[in-house]
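Chemist: take this sequence and fold it.
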Amino acid sequence: MLPDADDLPELLLDLAVPHEDGNELVAQWRRLTGDPVTLRLLAECVEELFREPEDTGRTPELPDLLASAPADLADTFAVHVFLAALPRTQAYHRARGIPAEISRRTLADLGRQLAVHRRRHGRAGVQSRRWLVRHFRGELYQLGRLQFERARLGDRDARVAARTGLDAAPGTPCLNLHIPDFHGPLTASACDRSLTTARAFFARYFPEERPVAVLCHSWLLDAQLRRYLPPDSNILRFQERFRIARDEDEPADTEPVQFVFGDPDLPVATLPRRTSVERAVGDHLRAGGHWYIGHGWFPFRTA
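Modeler: Numbering: from 1, shown residues only. Predicted coordinates for the structure are as follows:
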């Protein structure tokens, strides 16, 4: 089921892989699929990726396997694991009846993570390997501006959300909401369209799950942003959708630095001040403040 090397350039385009990474990845693919030892490792990674497919939220034990890859493939071997997994993921989508366009846009997050890696490190590689596992296991879908992940309430989720009125036991189906980068502003109208799409999508393609709530865990839900942003800002309007309960004592300062400026290790003193969000993040940190992850939810009913 491995993609043919001659077909790989078009697959990379469908996955939004940056053009400058294409030739290198194709050359590596030809080499590793021709080496029995590396090919066996690739197969082991794919099998681990899909193990226990009904266990949503499971994190496959891939780090040790990936660490066994040839040293010159340390940055990119995970890309090849996802390419090898692609036929099985697409087959799962087809079996569920998921439209090809939604499948393509969802899996194009691979290209987004390659772009982030190149922006940060200047070379081909995949950022956030564990993150992409969700897409290829069929747990996460890009539906317009937002991404929705099939999940179940954990003990902590249920406990935190109960403070703001969610009466649901651990294990209850829910959706985790994610905000992808490189996808335009987080406007209220774009979010509304995403939610409308999500209600119809999960009712049609996962009718047995019936999620009761949408959850979000993000620095974008930190109430301190209200000190800096105008009331009509997209971020504050996004916050208003949620019932928010903070349950963090540890600062998460690198989160906004990473997502706003592209690199969590940038010196705070030199962070740009070009936009209201950049000024909010940087000025707050330079004044000695900290940012925290906010936890929010709102009810969800499928269409």
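Chemist: His80 is in contact with Trp29, correct?
Modeler: Yes - here Trp29 reaches His80: they are 6.2 Å apart, a contact under C-beta atoms under 8 Å. To be clear about C-beta, it is placed using only N, CA and C from the backbone, and glycine gets the same treatment.
Chemist: may I have the secondary structure class of Ala252?
Modeler: Following DSSP: H, G, I helix; E, B strand; the rest coil, Ala252 is assigned to coil.
Chemist: ugh, wrong one, Trp297
Modeler: Secondary structure assignment for Trp297 (three-state DSSP): strand.
Chemist: separation between it and Arg243?
Modeler: Remark: distance between Trp297 and Arg243 (C-beta to C-beta, to the nearest Å) = 6 Å.
Chemist: check Arg237 too.
Modeler: Taking C-beta to C-beta, one finds Arg237 at 15 Å from Arg243.
Chemist: now swap in Ala27 and tell me
Modeler: Counting by C-beta to C-beta, the gap from Ala27 to Arg243 is 51 Å.
Chemist: who has more neighbours out of those two?
Modeler: Arg243 (15 against 12; other C-beta atoms under 10 Å).
Chemist: quick check: the more buried one vs Ala168, distance?
Modeler: Applying C-beta to C-beta to Arg243 and Ala168 gives a distance of 13 Å.
Chemist: what touches both of the two?
Modeler: Taking C-beta atoms under 8 Å, 6 or more residues apart in numbering as the contact rule, Arg243 and Ala168 both touch Ala161.
Chemist: common neighbours of Trp297 and Arg243, please.
Modeler: Ala161, Thr164, Leu166.
Chemist: now those: which count as buried?
Modeler: Buried subset of the shared contacts of Trp297 and Arg243 (neighbour count, 16 or more other C-beta atoms under 10 Å): Ala161, Leu166.
Chemist: and Arg193, how many neighbours does it have?
Modeler: Neighbours of Arg193 using other C-beta under 10 Å come to 15.
Chemist: mind exporting the C-alpha coordinates of the helix or strand harbouring Val46 to CSV?
Modeler: Using DSSP states H and E, Val46 falls within helix 36-49. This file holds the C-alpha atoms of helix 36-49, laid out as CSV (Å, rounded to 0.1, in the frame of the first residue of the first chain):
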residue,chain,number,x,y,z
PRO,A,36,14.8,-3.6,3.7
VAL,A,37,16.0,-2.5,7.2
THR,A,38,14.6,1.0,7.0
LEU,A,39,11.5,-0.2,5.2
ARG,A,40,10.8,-2.6,8.1
LEU,A,41,11.1,0.3,10.6
LEU,A,42,8.7,2.3,8.5
ALA,A,43,6.2,-0.6,8.6
GLU,A,44,6.6,-0.9,12.4
CYS,A,45,5.9,2.8,12.8
VAL,A,46,2.7,2.6,10.7
GLU,A,47,1.4,-0.4,12.6
GLU,A,48,2.0,1.4,15.9
LEU,A,49,0.3,4.5,14.6
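Chemist: next, the buried residues of whichever helix or strand comes after it.
Modeler: On the C-terminal side of helix 36-49, the nearest following helix or strand under DSSP H and E is helix 63-67. Residues of helix 63-67 classed as buried: Leu65 (neighbour count, 16+ other C-beta under 10 Å).
Chemist: and if you look at stretch 126-140?
Modeler: Val126, Gln127, Arg129, Leu132, Val133, Arg134, His135, Phe136, Arg137, Gly138, Glu139, Leu140.
Chemist: first vs last residue of that stretch, how far apart are they?
Modeler: Across its full length, stretch 126-140 reaches 18 Å between end residues, using C-alpha to C-alpha, to the nearest Å.
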